[in-house]
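> test case, fold it:
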Amino acid sequence: MLNTNHARRGRRRTGLLAAISGAALLAAGCASTPAPTAQIESAQQAIDDAERAEAAKHASPELSQARSKLAAANTAVQNEEMEQAARLAEEARVDAELASARTAAVKAQAANEEIRRSNQALLDEMDRAAKGGTQ
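Residues are numbered from 1 along each chain as shown. Here you go, the predicted structure:
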């Protein structure tokens, strides 16, 4: 009977230690969220791409907002607010991509307008040539 009670206490202790260890590991895992390095790098790359596409000229507000959010994400990392940093970095990436898209749209619209003017000039030239040939 002594051996049975001793065995039960040992199993309870082992179970209790396992539960405490599990809780401690879970708490440690939640407390140490890693820095959102990939999100920050992705946001920086999107901003660099937007700058190369001349977004500062065509989509300045969006590019400025992306830069501000990236700076805020870096500040959040320094303050160990990793979830907020990840969210801000993701928003910065999206804003930079929006700036790139708006820039591409403005450039496409300008190219379309140039083609329209060129086509009109050709039509005008053909019309003059046709009128000149019938006289």
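> hey, let's count contacts and neighbours off CA atoms from now on
Will do.
> quick one: buried residues of stretch 69-80?
69-74, 76-77 (16 or more other CA atoms under 10 Å).
> contacts for that stretch?
Counting contacts by CA atoms under 8 Å, 6 or more residues apart in numbering, the residues outside stretch 69-80 that touch it are 35, 40, 43-44, 82, 84-89, 91-92.
> average pLDDT for that stretch?
Average pLDDT, stretch 69-80: 97.
> send me stretch 84-92 as CSV with only the CA atoms.
These are the backbone C-alpha positions of stretch 84-92, laid out as CSV (Å, rounded to 0.1, in the frame of the first residue of the first chain):
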residue,chain,number,x,y,z
GLN,A,84,2.3,47.0,-34.0
ALA,A,85,5.6,47.1,-35.9
ALA,A,86,4.4,44.3,-38.1
ARG,A,87,1.1,46.0,-38.8
LEU,A,88,2.7,49.3,-39.6
ALA,A,89,5.3,47.7,-41.9
GLU,A,90,2.6,45.9,-43.8
GLU,A,91,0.6,49.1,-44.1
ALA,A,92,3.8,50.9,-45.4
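> what's the spacing between residue 123 and residue 110?
Taking CA to CA, to the nearest Å as the measure, residue 123 falls 20 Å from residue 110.
> re the thing from before, would you reformat the contacts of stretch 69-80 as CSV and include distance to residue 116 and secondary structure?
Converted to CSV, the contacts of stretch 69-80 look like this (distance: CA to CA, whole Å; DSSP: H, G, I helix; E, B strand; the rest coil):
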residue, distance to residue 116, secondary structure
35, 50, coil
40, 42, helix
43, 37, helix
44, 37, helix
82, 51, helix
84, 48, helix
85, 46, helix
86, 45, helix
87, 43, helix
88, 42, helix
89, 41, helix
91, 37, helix
92, 36, helix
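> ok, so of the residues you listed, who is nearest residue 62?
Residue 62 lies nearest to residue 92 out of the contacts of stretch 69-80, by CA to CA, at 9.3 Å.
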